[in-house]
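Student: let me see the structure of the following:
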Amino acid sequence: MALAAKRKAESVRVNGRRRYPESKRRWRQTYKLWRYGLTQEQFGRLLAVQENACGMCREPFAEGSPICVDHDHACCQGEKMSCGKCVRGLLCRSCNAALGHIERKSELARVYLANSPARLVA
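Tutor: Below is the predicted model:
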């Protein structure tokens, strides 16, 4: 099959215009890695080290599921940006959200546990 015919077969019409989902997926992946200061090779090595599973819950990444890049926010304050040196690993969406809550609320939890209101009632 000729390249043009193959591309046309892989395209999808949206509002009368051709869209190329595979091209869009590759572009998004490249942009995501650039934002986190990673190369495709580094990303691949991280996936291999983690055995294609979430770094926290160890659940294997499902085909096509989003993979979140975890980084130390103390190093790079930008939302969804990193210098690349502070990348800690790859997480599933659920663990990424949970870790974010833990990091933001850990000090509050320590204070609460040290001074729980129920001790004042007793």
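Student: worst mean pLDDT across the helices and strands of the chain, which element?
Tutor: helix 3-10 (a mean of 60; mean pLDDT, DSSP states H and E).
Student: so which bits of the helix ranked longest in the chain are buried?
Tutor: As assigned by DSSP state H, the longest helix anywhere in the chain is helix 93-114. Neighbour-count burial for helix 93-114, with 16 or more other CB atoms under 10 Å as criterion, is recorded at 95-96, 99. (Glycine included, C-beta is placed from N, CA and C.)
Student: what packs against it?
Tutor: strand 68-71 (3 or more CB pairs under 8 Å, 6 or more residues apart in numbering; DSSP states H and E).
Student: mind checking how far the strand it packs on is from the chain centre?
Tutor: Between the centre of strand 68-71 and the centre of its chain there are 5 Å (CA atoms, centre = their mean, to the nearest Å).
Student: then the following helix or strand past the longest helix of the chain to PDB, C-alphas only?
Tutor: Beyond helix 93-114 on the C-terminal side, the first helix or strand identified by DSSP states H and E is helix 118-121. C-alpha atoms of helix 118-121 as PDB (Å, rounded to 0.1, in the frame of the first residue of the first chain):
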ATOM      1  CA  ALA A 118     -10.600  14.000  70.900                       C
ATOM      2  CA  ARG A 119      -7.800  14.200  73.500                       C
ATOM      3  CA  LEU A 120      -9.300  17.500  74.800                       C
ATOM      4  CA  VAL A 121     -12.700  15.800  75.400                       C
END
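Student: noted, bye for now.
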